[in-house]
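In: need a structure here:
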Amino acid sequence: MTATLDPQLVHGACVGHPYCPPSTWDSEVHGETDLERADRLRLAVAVCSRCPVADACLDERNRGIGGGVRAGKPYADAVRNMSRHSRGRLPRPACGQPGGRAAHLRRDEDVCDPCATAWRDWNRDRVAAQRETTRAAS
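Out: This is a model prediction of the structure:
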């Protein structure tokens, strides 16, 4: 495979990086959690953002050579295998919070009692506030 790589890539920020093993740029590392994968891919993207040969790397990526993070962008398979929460958009709500119920439902889990109670209380307060707003407007 090395014969198909652009020779310019040997000057990439990822080559011989002192703090990142080569597996940092892989799509998946056996045995890692979604959170570990998200952290690893974020690190790889950060290193790529300062790379002097990002254009050549992007060309390789567009030709389908290699996998994982290339040109500062994770391959879709790596991103697709991560949950929405581990990609950094939203932290998973703790049990006993209204959002905890939705987190359980997204993962096809049974909703625990603290989450069900928190959601029920939140929804009751939301409906009451909505009724109050409607009354005040009339």
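
In: which is the succeeding secondary structure element to the helix or strand of the chain with the lowest mean pLDDT?
Out: Here the helix or strand of the chain ranked lowest by mean pLDDT, DSSP states H and E is helix 76-80, holding a mean of 49. Downstream of helix 76-80, the next assigned helix or strand under DSSP states H and E is helix 98-106.

In: could you give the average pLDDT over that following helix?
Out: Regarding helix 98-106, the rounded mean pLDDT is 81.

In: one more: stretch 48-59?
Out: pLDDT averaged over stretch 48-59 gives 82.

In: in the longest helix seen in the chain, what counts as buried?
Out: Longest helix in the chain, counting residues (DSSP state H): helix 113-137. Buried positions in helix 113-137, judged by neighbour count with 16 or more other CB atoms under 10 Å: C115, A118, W119. All C-beta atoms are positioned from the backbone trio N, CA, C, and that covers glycine.

In: now stretch 41-50
Out: In stretch 41-50, counting by 16+ other CB under 10 Å, buried: L41, L43, A44, V47, C48.

In: chain center to it: distance?
Out: 13 Å (CA atoms, centre = their mean, to the nearest Å).
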